[in-house]
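>>> Starting from these lines, generate the structure:
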Amino acid sequence: MSKPFCFVGLGNPEAKHTNTRHNLGFMVLDALATAWHLPAFQNQEQFHGQSTSKNDAQQTVWLLKPTTYMNDSGRSVQAFTGFYHIAPDNLWVVHDDLDLPFGTIRLQRNASAAGHNGVDSIIETLHTKNFWRVRCGIGRAQQMDTNADGRVDSREWAMAKYTGADYVLDDFDANQKAELQSAFLPKIVEAITLILSQGPERAATTINAKTA
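The predicted model follows:
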């Protein structure tokens, strides 16, 4: 059997964060667990997170949701990957990304955190950035963005409210929520399935070409 893979979805554990943009990593792992008919996520206090796994004759794939809060994600990842002997080559971090348009995906390895506190925590704790990332675009606030209740924001309101931190901690707006469920999450699940079936380099070539 090949060495185990681990997909880490980044997010914050409290219920009030469930539907926020910053919890997209958690949403992806939930969608994977549903698509693959996996057992429910189990709390594992020793790893400061929740996990489930997909096991077959070819490979073991772990799904991990750190419950440490975003800025301390590395503590959970270090404990989990150390216990299960998961090398950085087989570690994938799934996270929201302000620098990609909403609905786009990019696979990347050995890159800086680019301001994402969860990724930065993992880099600092593992003392390496040489792991893979599934960057899931959430875009940035636009002049005609709607609120979660569907109202259109003025430019002044958007600029005043939406610093990067405010924007990621807000819920997806109504249009984004619909696209998230109907198209974006299924597309990310398809991309991760491609990673496992074709290998990361080949999958990255295919998926990043679509983003470009």
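>>> Any regions of the protein where pLDDT drops low?
Residue ranges of the chain with pLDDT under 70: 1, 142-163, 212.
>>> C-alpha coordinates for the lengthiest helix in the chain, PDB please?
In the chain, taking DSSP state H as the definition, the longest helix is helix 185-198. Output in PDB follows, covering the C-alpha atoms of helix 185-198 (Å, rounded to 0.1, in the frame of the first residue of the first chain):
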ATOM      1  CA  LEU A 185     -17.900  22.400  -4.100                       C
ATOM      2  CA  PRO A 186     -18.500  19.600  -6.700                       C
ATOM      3  CA  LYS A 187     -15.700  21.000  -8.800                       C
ATOM      4  CA  ILE A 188     -13.300  20.900  -5.900                       C
ATOM      5  CA  VAL A 189     -14.300  17.300  -5.000                       C
ATOM      6  CA  GLU A 190     -13.600  16.400  -8.700                       C
ATOM      7  CA  ALA A 191     -10.200  18.100  -8.500                       C
ATOM      8  CA  ILE A 192      -9.200  16.200  -5.400                       C
ATOM      9  CA  THR A 193     -10.400  12.900  -6.900                       C
ATOM     10  CA  LEU A 194      -8.200  13.700  -9.900                       C
ATOM     11  CA  ILE A 195      -5.200  14.300  -7.600                       C
ATOM     12  CA  LEU A 196      -5.600  10.900  -6.100                       C
ATOM     13  CA  SER A 197      -6.200   9.100  -9.400                       C
ATOM     14  CA  GLN A 198      -3.600  10.800 -11.600                       C
END
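>>> which other helices and strands contact it?
helix 24-35, strand 91-97, strand 105-109, strand 132-137, helix 200-211 (3 or more C-beta pairs under 8 Å, 6 or more residues apart in numbering; DSSP states H and E). All C-beta spots, glycine's among them, are computed from the backbone N, C-alpha and C.
>>> For that helix, which outside residues touch it?
5, 7, 27-28, 31-32, 35, 59, 61, 92, 94, 103, 105, 107, 134, 136, 203, 206-207 (C-beta atoms under 8 Å, 6 or more residues apart in numbering).
>>> re the thing from before, do you know which of the helices and strands packed on helix 185-198 lies nearest residue 166?
Nearest to residue 166 among the helices and strands packed on helix 185-198 is strand 91-97; the distance by C-beta to C-beta comes to 13.8 Å.
>>> contacting residues around that closest one?
The contact list for strand 91-97 (C-beta under 8 Å, 6+ apart) reads 5-10, 21-25, 28-29, 77, 81, 106, 114, 116, 118-119, 122, 131-138, 168, 188, 192, 195.
>>> Buried by neighbour count, from the residues you listed: which ones?
Among those, those that count as buried by neighbour count (16 or more other C-beta atoms under 10 Å) are 5-10, 21-25, 28-29, 77, 81, 106, 116, 118-119, 122, 131-138, 168, 188, 192, 195.
>>> what angle separates the longest helix of the chain from helix 200-211?
150 degrees (axes from the mean of the first three to the mean of the last three C-alpha atoms, to 10 degrees).
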